[in-house]
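Undergrad: Starting from these lines, generate the structure:
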Amino acid sequence: MALKPEQSPSPTSPADLVTESRRRLAERLAALRRDRGWTLDQAAERTGVSRASLSKLEKAQMSPTFDVLLKLGLGFGLSPVALLAGAGVGGATGRRSITRAGEGTDYISPNYEHRVLAAELSHKAMLPFVTVVRARSLDDYEDWDRHESEDFLYVLKGELTLHTEHYAPERLGPGDSTYMDGRMGHAMVSESDSDAVVLWVSAT
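TA: Residues are numbered from 1 along each chain as shown. Take a look at the predicted model:
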């Protein structure tokens with residue numbers, strides 16, 4: 001995995017990782033919808049995600065944007081982390097979660113590789129990820145990323161350019177950070193020889 005550079009390279013290609021991530025999410029969504037007895041039309045109405053998109057997701061034909069993950073989680077009554085992880089612990093007071101190096105729940109998309117931290121906790125006020133930025137050009141994006149959250153990003157490794165629809169592009173390196181409104185269109189592009197890695201925290 002790109003998040004553990006000390007390991008020997010895996011023979012699995014990035015395309016294979018995306019396919020596997022889509023397959024796991026497809027099975028999860030189909031099971032959730034089946035358990036609730038919902039048709040695709042009913043699931044679309046409850047989540048705000050179109051029937052066509054839901055059908056493609058359940059057939060593992062597309063990767064959802066972060067905004068779509070938020071909508072799916074809200075519609076199914078789960079946090080995006082619980083949606084991806086398949087389980088969650090309720091919101092007891094005094095709870096704590098430790099994620100060891102190399103642990104976490106992975107979600108792979110064509111432009112990002114997210115490792116979800118504290119994955120076993122549901123109903124969190126914030127969603128922490130370690131994210132590998134795979135995109136190398138704005139042309140890798142079909143559209144801006146947008147989602148209903150405020151985001152904090154801290155660059156851990158490599159360099160990237162942060163593109164946003166209301167501001168000029170900014171080059172960020174290790175130790176640089178940004179706080180932004182996730183509803184504003186945005187996209188990150190790795191600029192260094194190796195993929196940039198960021199700590200990404202979303203508050204929903």
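
Undergrad: how about stretch 140-149: buried residues?
TA: The neighbour-count check on stretch 140-149 (16 or more other CB atoms under 10 Å) flags Y141, D145, R146, H147, S149 as buried. All C-beta spots, glycine's among them, are computed from the backbone N, C-alpha and C.

Undergrad: Among these, which one lies nearest to G48?
TA: Closest approach between the buried residues of stretch 140-149 and G48, by CB to CB: H147, at 12.6 Å.

Undergrad: Touching, that closest one and L74? I think so.
TA: No. The criterion here is CB atoms under 8 Å, and H147 misses it with L74 at 11.4 Å.

Undergrad: Report how many residues lie close to A101.
TA: 8 (other CB atoms under 10 Å).

Undergrad: Please read the previous query as pertaining to T131.
TA: 22.

Undergrad: and it, what element?
TA: strand 126-133 (DSSP states H and E).

Undergrad: The following helix or strand past that strand packs against which elements?
TA: Next along the chain after strand 126-133, taking DSSP H and E as the criterion, comes strand 150-157. For strand 150-157, the elements it packs on are strand 177-181, strand 196-203, judged by 3 or more CB pairs under 8 Å, 6 or more residues apart in numbering; DSSP states H and E.

Undergrad: okay, the helix or strand just after strand 150-157 in CSV with CA atoms only?
TA: Next helix or strand after strand 150-157 toward the C-terminus (DSSP H and E): strand 160-164. C-alpha atoms of strand 160-164 as CSV (Å, rounded to 0.1, in the frame of the first residue of the first chain):
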residue,chain,number,x,y,z
LEU,A,160,0.8,19.1,-4.0
THR,A,161,-1.1,21.9,-5.6
LEU,A,162,-4.5,22.7,-4.0
HIS,A,163,-6.9,24.0,-6.7
THR,A,164,-10.1,25.7,-5.5
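
Undergrad: How far does strand 160-164 sit from its chain's centre?
TA: 17 Å (CA atoms, centre = their mean, to the nearest Å).

Undergrad: Name the strands paired with that strand and say parallel or antiparallel.
TA: Strand 160-164 has the following strand partners under DSSP bridges: strand 170-172 (antiparallel), strand 186-190 (antiparallel).

Undergrad: And the ones you listed: which comes nearest K157?
TA: strand 186-190 (10.1 Å).

Undergrad: If I take the closest one and strand 126-133, what angle do their directions form?
TA: Between strand 186-190 and strand 126-133, the angle comes out at 40 degrees (axes from the mean of the first three to the mean of the last three CA atoms, to 10 degrees).

Undergrad: avg pLDDT for strand 186-190?
TA: When pLDDT is averaged along strand 186-190, the result is 96.

Undergrad: Any chance you could list what contacts that strand?
TA: Contacts with strand 186-190, where a contact means CB atoms under 8 Å, 6 or more residues apart in numbering, come from 111-112, 133-138, 140-141, 144-146, 153, 158-165, 180, 196, 198.
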